[in-house]
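In: build me a structure from this.
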Amino acid sequence: MAGRPKRKAALAAIEKRGGVEYLTEYLLSGGTITRLAGELDLNRGYLHRLLKDHPELSAALEAAREHAADAHAEAGFEIMRRLRTERKEERANAAEGTRAAELSSLDVSIAKEEAAQHRFIAEAWNQKRYGAGKNQTHVTVNLGDMHLDALKKMKTVREGVRDAKVIDHDDV
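Out: Alright, predicted model coming up:
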């Protein structure tokens, strides 16, 4: 590590903040690798590789991710709540009869996103009840291709039969 001063400084900075416990708490509280990299004045990709290469920090990163997902889902919900509150105050403070005082497509968008966030959290927290459609396999059938395959097979069969009557038709 003597030849890697940047790596050594980054690991020392994380250790100074509390090491594995700090990283775990940071991620569980909704922190991101991108934000941590910014605080440490590092590139996000470099910090991620550094964490993955360090055995204890890598284990802490993986262990925290499952629980940190809940924090991020809740943070998304809080953002939507804040936007809704801000927009409600904006409408209340606007002069009556102005466009700002009326419900707009922005209000509808906020409501749709908030509902989507609720749906996302419900699916994440209760897969059995709300995530039923997630594990289904979707199959696409192309009838045109199937028809062409059937015609090709008929041609192969027809070539083997000498006494069959062939009916020609014009494409309309």
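
In: measure stretch 44-63 end to end?
Out: 19 Å (Cα to Cα, to the nearest Å).

In: what is the rounded mean pLDDT of it?
Out: Stretch 44-63 shows a mean pLDDT of 91.

In: now find how far off-centre it is within its chain.
Out: Remark: stretch 44-63 is offset 21 Å from the chain centroid, using Cα atoms, centre = their mean, to the nearest Å.

In: now it: buried residues?
Out: By neighbour count on 16 or more other Cβ atoms under 10 Å, the buried set for stretch 44-63 is 47-48, 50-51, 54, 57, 60-61. C-beta: built from backbone N, CA, C; applies to glycine.

In: any chance of these in a markdown table, plus secondary structure and distance to residue 120?
Out: A markdown table is the format used below for those (DSSP: H, G, I helix; E, B strand; the rest coil; distance: Cβ to Cβ, whole Å):
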| residue | secondary structure | distance to residue 120 |
| --- | --- | --- |
| 47 | helix | 27 |
| 48 | helix | 25 |
| 50 | helix | 31 |
| 51 | helix | 27 |
| 54 | coil | 32 |
| 57 | helix | 29 |
| 60 | helix | 26 |
| 61 | helix | 23 |
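
In: residue contacts, residue 36?
Out: 23, 26, 47 (Cβ atoms under 8 Å, 6 or more residues apart in numbering).

In: sorry, back to before: list just the nearest of the buried residues of stretch 44-63 to residue 18.
Out: Taking Cβ to Cβ as the measure, residue 18 sits nearest to residue 60 out of those, at 10.8 Å.

In: so the nearest residue to that closest one once chain neighbours are set aside is in which element?
Out: Leaving aside its sequence neighbours, residue 60 sits nearest to residue 20 (Cβ to Cβ, 6 or more residues apart in numbering; 4.5 Å). In this structure, residue 20 sits in helix 19-28 according to DSSP states H and E.

In: I'd like the mean pLDDT over that helix, please.
Out: 90.

In: and stretch 126-137, by the same measure?
Out: 69.

In: give me the neighbour count for the residue lying closest to residue 22 once chain neighbours are set aside.
Out: Closest residue to residue 22 apart from its sequence neighbours, by Cβ to Cβ, 6+ apart: residue 14 at 6.7 Å. Residues lying near residue 14 (other Cβ atoms under 10 Å) number 21.

In: start the count at 291, not 1, going forward
Out: All set: I'll call the first residue 291, so the last point we hit is now residue 304.

In: so who does residue 304 touch?
Out: Counting by Cβ under 8 Å, 6+ apart, residue 304 has contacts 312-313, 330, 347.

In: now do stretch 379-395: everything it contacts.
Out: Against stretch 379-395 from outside (Cβ under 8 Å, 6+ apart): residue 397.

In: list the buried residues for it?
Out: So for stretch 379-395, nothing qualifies as buried (16+ other Cβ under 10 Å).
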